[in-house]
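A.B. asks: what would the 3D arrangement of this be:
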Amino acid sequence: MKILINDKDKFVKDFLTPLSKLNESVVVKLNSESIYSLSSSGDGTLILYASFSQKNDIKDTLKLNIPDINKLIKVFSCINEDNISILVDDNSINYKSDDVGFKFHLLEDGIIASPSISIEKIKKLEFDSAFEMSYTDVISILKGSTFTTDTDKIYFYTKDDKVYGKLTDLDRHNVDVYTQKISDSFTGTSLSEALPLNFETVRVICSLRFKTIKVSINTDMKVFIFDVIHDDVKLNFISSAYVS
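C.D. replies: Numbers count the residues shown, from 1 in each chain. Take a look at the predicted model:
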């Protein structure tokens, strides 16, 4: 089956690369409207739903079980053309031009485990608090983490209509603290009770390209969604707050 990929660089940098930050092995699916994947970190604390808008002549959903996404990224970088077509058969992805050719083998169904959650059910939750963070603010709080080396938590809370991030561990004594304003405003419910999140989520987000990122929180279930949109690429990072 022939699969079209318009803007190969965007597909690699904005779709495949974020997936590679969570897991080496991923299941990528294709339909007539998009290419998409649901993946998670090794410990299951961070989930990513990524979609790349791309029309293709596909009647049924096509599944690609990719054993090493970093290897696939490397071989795609050898292609000089921007708009490409690849051939997918039962167990491989194939590409051939006058200059470059490769055959990348896929795994059989059932070997790579996908997260057992419904992205549609997650999106239907009522997210009653939301704010935006700039790339600059995310990088700044990452720099602050070099000071608070004894914790892997970031606490989100609101004060005076602004949103703050605090790096520390409130469950332990004598842990250093770094606090930073991360947004000038928020909508919905205030975060009077600080919500702790695994700081690894912020580290992963820092590795991406974006101007602003939208953060939505279900304060009842303490579920976070971090949304990044790059034209035809949408990334939804999903994580839950630590439970004391």
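
A.B. asks: list the contacts for Lys71?
C.D. replies: Contact analysis of Lys71 by C-beta atoms under 8 Å, 6 or more residues apart in numbering lists Phe104. (Each C-beta comes from the backbone N, C-alpha and C, glycine too.)

A.B. asks: SS state for it?
C.D. replies: Under DSSP: H, G, I helix; E, B strand; the rest coil, the three-state class of Lys71 is helix.

A.B. asks: gap between it and Phe104?
C.D. replies: 7 Å (C-beta to C-beta, to the nearest Å).

A.B. asks: ditto for Thr168
C.D. replies: According to C-beta to C-beta, Thr168 and Phe104 sit 45 Å apart.

A.B. asks: ditto for Ile225
C.D. replies: Counting by C-beta to C-beta, the gap from Ile225 to Phe104 is 32 Å.

A.B. asks: repeat for Ser116
C.D. replies: Applying C-beta to C-beta, the value for Ser116 to Phe104 is 27 Å.

A.B. asks: top helix in this protein by residue count?
C.D. replies: helix 135-144 (DSSP state H).

A.B. asks: what is the helix or strand bottoming out on mean pLDDT in the chain packed up against?
C.D. replies: The helix or strand of the chain with the poorest confidence is helix 119-123; it has a mean of 87 (mean pLDDT, DSSP states H and E). Here helix 119-123 touches strand 223-230, strand 233-240, going by 3 or more C-beta pairs under 8 Å, 6 or more residues apart in numbering; DSSP states H and E.

A.B. asks: confirm that Tyr155 sits in a strand.
C.D. replies: Yes - with three-state DSSP as the criterion, Tyr155 is located in a strand.

A.B. asks: that one: how many residues sit nearby?
C.D. replies: Neighbour count of Tyr155, defined by other C-beta atoms under 10 Å: 22.

A.B. asks: so what's it up against?
C.D. replies: Counting by C-beta under 8 Å, 6+ apart, Tyr155 touches Gly165, Lys166, Leu167, Thr168, Leu170, Ala194, Leu195, Pro196, Leu197.

A.B. asks: domains in this protein, as residue ranges please.
C.D. replies: Following automatic domain parsing, one gets these domains for the chain: 2-113, 124-240.

A.B. asks: can you list those domains in CSV and add mean pLDDT?
C.D. replies: Listed next are the domains of the chain as CSV, based on pLDDT from 0 to 100:
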stretch, mean pLDDT
domain 2-113, 94
domain 124-240, 94
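
A.B. asks: measure stretch 55-65 end to end?
C.D. replies: Distance across stretch 55-65, first residue to last, is 20 Å (C-alpha to C-alpha, to the nearest Å).

A.B. asks: Ile141 touches Gly165, doesn't it?
C.D. replies: Yes - at 5.3 Å, Ile141 counts as touching Gly165 under the criterion of C-beta atoms under 8 Å.

A.B. asks: okay, and the common contacts of those two?
C.D. replies: Shared contacts of Ile141 and Gly165 (C-beta under 8 Å, 6+ apart): Ile154, Gln180, Ile182.

A.B. asks: state the helix or strand in which the second one lies.
C.D. replies: Spelled out, it's Gln180. Under the criterion DSSP states H and E, the helix or strand holding Gln180 is strand 178-183.

A.B. asks: tell me how many other residues surround the closest residue in space to Tyr242 that isn't next to it in sequence.
C.D. replies: Sequence neighbours aside, Pro196 is the residue nearest to Tyr242 in space, at 4.3 Å (criterion: C-beta to C-beta, 6 or more residues apart in numbering). Neighbours of Pro196 under the rule other C-beta under 10 Å: 22.
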